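1. dropping a prediction and its sequence here:
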Amino acid sequence: MQKTDILVHLVEAIEEKQNHEGWTDLALIGKPLNRKGVNYKALGFLKLRHLIEDFPNNIEIKIDTSFQVPVIYARVKNKTQEIVDIAPPERGKSRKRMSSNLMDWAYLGDYRQTISDLKNMALKERWYYKDFSPSNPYPILSSYLTYTFFRLTKEKGKVKTNERYAAFNTGLVNNLYEPIYALFEKNKIKGRQEWFFHEFCISGVGKAGKILARNFNPLPGRANYFKDVSEVIYDINAPEPQLNWTHIILDNVGRLPFEFLEDNKPKNFLLRDTTEMDTVEKKNYFQDLASAIENENKTFRAIKNRFSDSLDLALKRVQWNYKTAIPMYYPFMDKLSLLLPLSLIDDDIIDLALVVEKTKSGNYLGHTILPLVWAYGNARLVTRPDSDWLIAEEIGKQQIEDEDEEIDE
């Protein structure tokens, strides 16, 4: 899809949901854009806002901090028929953590093609969830590359550069288990990213591989997520994890399965579909639901008891098979944790993942719960999950849509 086509769809989506002043909550346009074939993640952007920021001549953004949760709005500056040119984004000037954002650091060309090239070179693996989406064909790989780069920037010397070339180790291998590197050249276009993507390569193989070998010694190293193998194995001799029930249940009530909430909702509380809610409305709705649960002891105890039963079952599974506890890296906390499966509705079906961390005392703390799509994406950064419960092809459309709603602005 051409950039002009993306802009046309952005303008249409914004204008369809705009208020009387022309501003549109970004939370309302993610799904309409997907239906139009525009998926910001498939284009290499971490946030929908970042995609919109590539069109400064045509769309403006504002952040309203007067609410408890910041709300990000977009408004069309120029009508579609007046669009003549698209200004190149001035990367590295307006965003935080620019050096850790792959799209700010380098121009990757046709991002979908770039991801497809990496997929074709790498050892065969499933890089999408249950349903294949042409608008975002390999979401797992796209997320993997973005956050692998993020992690590499946190480790000294892992992203190699010289006056002409740059490179990093993708952490992936080909069918001969040889490391795959990403090679970049210095960008000569002013006002753009410092580097532009050249090619994925194997050291010494082909023109790009020879350029890599000639310019970097030692070669770029893989991202490292742990210092000792014990960090990625759950200690079955430790006491049961200590959980912050208030945070896990009440602060994350929006992540609980709708069917589970139907069975455990407070009296006289009307459950609603949040699909078309804007950011503030959705936030207020889940705050009201959390308050209703907190104020009704019977409901809170029922939910807590079900979580406790599910945790007990998860720990038994870990004792039976240590691979049940899956290591994951959470980029924005920059830390390694373990994932445990939680079954809230049916013991045979996993609904959520519990994030636990081992403390210096040897005890585990339960931090939060994650939808399975988040859990898989974060786990894949460390290694491909060898699991009987966190399986890409079993993560369905609703899980992925929920992720877009939560992660997006």
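-> Sure thing, it's come through. Numbering: from 1, shown residues only.

2. quick one, strands of this protein?
-> Taking DSSP state E, the strands of the chain run over residues 24-25, 59-64, 71-76, 106-107, 160-161, 165-173, 179-186, 195-201, 242-243, 326-330, 335-342, 352-358, 364-370.

3. where does this structure dip in pLDDT?
-> 1, 67-68, 79-99, 397-409 (pLDDT under 70).

4. related to what we said a few turns ago, tabulate the strands of the chain (CSV), appending distance to Ser310.
-> For every residue, glycine as well, the C-beta is placed using N, CA and C. Shown next, in CSV, are the strands of the chain (distance: least, C-beta to C-beta, whole Å):
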stretch, distance to Ser310
strand 24-25, 34
strand 59-64, 38
strand 71-76, 34
strand 106-107, 43
strand 160-161, 45
strand 165-173, 32
strand 179-186, 39
strand 195-201, 41
strand 242-243, 11
strand 326-330, 16
strand 335-342, 5
strand 352-358, 8
strand 364-370, 10
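
5. could you dump these into JSON lines and include mean neighbour count and distance to Gly396?
-> JSON lines is the format used below for the strands of the chain (neighbours: other C-beta atoms under 10 Å; distance: least, C-beta to C-beta, whole Å):
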{"stretch": "strand 24-25", "mean neighbour count": "22", "distance to Gly396": "26"}
{"stretch": "strand 59-64", "mean neighbour count": "14", "distance to Gly396": "32"}
{"stretch": "strand 71-76", "mean neighbour count": "21", "distance to Gly396": "28"}
{"stretch": "strand 106-107", "mean neighbour count": "22", "distance to Gly396": "33"}
{"stretch": "strand 160-161", "mean neighbour count": "19", "distance to Gly396": "40"}
{"stretch": "strand 165-173", "mean neighbour count": "22", "distance to Gly396": "26"}
{"stretch": "strand 179-186", "mean neighbour count": "20", "distance to Gly396": "30"}
{"stretch": "strand 195-201", "mean neighbour count": "20", "distance to Gly396": "30"}
{"stretch": "strand 242-243", "mean neighbour count": "16", "distance to Gly396": "27"}
{"stretch": "strand 326-330", "mean neighbour count": "22", "distance to Gly396": "19"}
{"stretch": "strand 335-342", "mean neighbour count": "23", "distance to Gly396": "16"}
{"stretch": "strand 352-358", "mean neighbour count": "23", "distance to Gly396": "14"}
{"stretch": "strand 364-370", "mean neighbour count": "21", "distance to Gly396": "16"}
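
6. burial count for the nearest residue to Arg384 once chain neighbours are set aside?
-> Spatial nearest neighbour of Arg384, chain neighbours left out: Glu125 (6.3 Å); criterion: C-beta to C-beta, 6 or more residues apart in numbering. Using other C-beta atoms under 10 Å, Glu125 has 14 neighbouring residues.

7. list the buried residues in stretch 133-140.
-> With burial defined by 16 or more other C-beta atoms under 10 Å, the residues of stretch 133-140 counted as buried are 133, 135-140.

8. now do the same end-to-end measure for it.
-> 12 Å (C-alpha to C-alpha, to the nearest Å).

9. stretch 358-368 now?
-> Across stretch 358-368, the terminal residues are separated by 14 Å (C-alpha to C-alpha).

10. which residues sit against it?
-> The contact list for stretch 358-368 (C-beta atoms under 8 Å, 6 or more residues apart in numbering) reads 231, 234-235, 238-244, 247-248, 252, 311, 337-338, 354-357.

11. can you give me the helices for this structure?
-> Ranges of helices within the chain are 3-17, 30-35, 48-52, 102-105, 111-121, 139-152, 206-215, 245, 258-263, 279-295, 297-320, 372-382, 397-407, based on DSSP state H.

12. Asn174 is nearest to which of those?
-> Asn174 lies closest, by C-beta to C-beta, to one member of those: helix 111-121, at 5.9 Å.

13. run through the neighbouring helices and strands of the closest one.
-> helix 139-152, strand 165-173, strand 195-201 (3 or more C-beta pairs under 8 Å, 6 or more residues apart in numbering; DSSP states H and E).

14. out of the buried residues of stretch 133-140, which is nearest to Asn120?
-> Distances from Asn120 to the buried residues of stretch 133-140, taken by C-beta to C-beta, are shortest for Tyr138, at 10.4 Å.

15. what sits closest to the closest one if chain neighbours are left out?
-> Nearest non-adjacent residue to Tyr138, counting by C-beta to C-beta, 6+ apart: Trp127, 4.0 Å away.

16. what's the answer for Ala13, then?
-> Ile29 (4.2 Å).

17. how far away is the one you found from Ser135?
-> Using C-beta to C-beta, to the nearest Å, Ile29 is found at 14 Å from Ser135.

18. next up, the contacts around the closest residue to Asp117 other than its chain neighbours.
-> Nearest residue to Asp117, sequence neighbours excluded (C-beta to C-beta, 6+ apart): Phe200, at 5.9 Å. Shown in contact with Phe200 (C-beta under 8 Å, 6+ apart): 117-118, 121, 170, 180-183, 208.

19. bridging residues for Phe200?
-> Listed by DSSP bridges, the beta-bridge partners for Phe200 are Ala182.

20. same question, Leu336
-> Bridge pairing for Leu336 - DSSP bridges - gives Tyr329.

21. quick one: it and Pro327 touch, right?
-> Yes: using C-beta atoms under 8 Å, Leu336 is in contact with Pro327, at 6.1 Å.

22. quick check: neighbours shared by these two?
-> If you check Leu336 and Pro327 against C-beta under 8 Å, 6+ apart, the residues they both contact are 225-226, 231-232, 382.

23. just the buried ones from those residues, in PyMOL syntax?
-> Selection of buried members from the shared contacts of Leu336 and Pro327 for PyMOL, criterion 16+ other C-beta under 10 Å:
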select buried, resi 225+232+382
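
24. widest-spaced pair of the shared contacts of Leu336 and Pro327?
-> Spatial extent of the shared contacts of Leu336 and Pro327 (C-beta to C-beta) is set by the pair Glu231 and Val382 at 10.1 Å.

25. what touches both of those two?
-> In terms of C-beta under 8 Å, 6+ apart, Glu231 and Val382 are both contacted by the residues 327, 336.

26. no further queries at this time; thank you.
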